[in-house]
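Trainee: The following comprises the amino acid sequence and a computationally predicted model.
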Amino acid sequence: MGVWRQIGEYLYIKKKDPNAPRGGWIKYMHGINRISLFMFLIAVIVMIVRALFFKHH
């Protein structure tokens with residue numbers, strides 16, 4: 001499975017692969033990865049907003 005497909009699945013852009021193994025630990029790992037990816041995207045958006053609208057002179 002490609003990296004971009006996995007990120008698409010984390011962001012609910014692509015459907016999950018029905019043939020992928022679905023163990024309990026894998027589900028927890030994917031949940032933690034999804035949380036960290038969302039937190040990273042929020043941080044990037046906050047940094048861009050601060051850089052564009054709150055410039056220091």
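Mentor: Ah, there it is. Residues are numbered from 1 along each chain as shown.
Trainee: Tell me where this structure is predicted with low confidence.
Mentor: Counting by pLDDT under 70, the chain contains low-confidence ranges at 1, 12-15, 17-18, 21, 56-57.
Trainee: Let me see the contact set for the residue most central in space within it.
Mentor: Nearest to the geometric centre of the chain sits Leu37, at 3.0 Å (CA atoms, centre = their mean). Contacts of Leu37 were listed using CB atoms under 8 Å, 6 or more residues apart in numbering, and they are Ile7, Tyr10, Leu11. (Glycine included, C-beta is placed from N, CA and C.)
Trainee: rerun at 6 Å
Mentor: Tyr10 (CB atoms under 6 Å, 6 or more residues apart in numbering).
Trainee: What are the buried residues along whatever helix or strand it lives in?
Mentor: In this assignment (DSSP states H and E), Leu37 forms part of helix 24-53. Buried positions in helix 24-53, judged by neighbour count with 16 or more other CB atoms under 10 Å: His30.
Trainee: Near Ile7, how many residues? Count them for me, please.
Mentor: Counted with other CB atoms under 10 Å, residues neighbouring Ile7 total 14.
Trainee: and it, what is it in contact with?
Mentor: Neighbours of Ile7 in contact, by CB under 6 Å, 6+ apart: none.
Trainee: Could you measure from Tyr28 over to Trp4?
Mentor: 23 Å (CB to CB, to the nearest Å).
Trainee: can you check Leu41 too?
Mentor: 15 Å.
Trainee: same check, this time on Ala20
Mentor: From Ala20 to Trp4 the distance is 16 Å (CB to CB).
Trainee: Please apply the same query to Tyr10.
Mentor: 11 Å.
Trainee: Look at these two and report which has more neighbours.
Mentor: Tyr10 (17 against 10).
Trainee: Quick check: that one touching Arg34?
Mentor: Yes. Counting by CB atoms under 6 Å, Tyr10 touches Arg34, with 4.6 Å between them.
Trainee: contacting residues around Ile48?
Mentor: Contacts of Ile48 by CB under 6 Å, 6+ apart: none found.
Trainee: That one and Ile42: what is the separation?
Mentor: Distance from Ile48 to Ile42, by CB to CB: 11 Å.
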